[in-house]
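*Asks:* no FASTA, just this:
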């Protein structure tokens, strides 16, 4: 079973609300994963606008 991803911020979510952006719109259709351990030190996180650590999808449909 695929994990669900927040459509707004692309964070993998297990509950009924995204802990980062507080939305409840999710998708099971995603591609690629990106793991951010420390958003303040990550150049990738800064370039794509991620401010919180976590596992993110690269593409969400």
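*Replies:* Received, thanks. A quick note: this is a predicted structure, and the numbers were derived from the prediction, not measured. Numbering: from 1, shown residues only.

*Asks:* so which residues of the protein form helices?
*Replies:* Assigned by DSSP state H, the helices in the chain fall at 43-48.

*Asks:* quick check: buried residues in stretch 50-57?
*Replies:* For stretch 50-57, the neighbour count (16 or more other CB atoms under 10 Å) marks 50, 54, 56-57 as buried. C-beta: built from backbone N, CA, C; applies to glycine.

*Asks:* that should have said stretch 11-25, apologies.
*Replies:* 11-13, 18, 20.

*Asks:* residue nearest the centroid of the chain?
*Replies:* Nearest residue to the geometric centre of the chain (CA atoms, centre = their mean): residue 11, 1.7 Å.

*Asks:* okay, and the beta partners of that residue?
*Replies:* residue 56 (DSSP bridges).

*Asks:* ok, it - contacts?
*Replies:* Contact analysis of residue 11 by CB atoms under 8 Å, 6 or more residues apart in numbering lists 5, 18-21, 52, 54-56.

*Asks:* ok, residue 7 next?
*Replies:* Contacts of residue 7 by CB under 8 Å, 6+ apart are 23, 25-27, 60.
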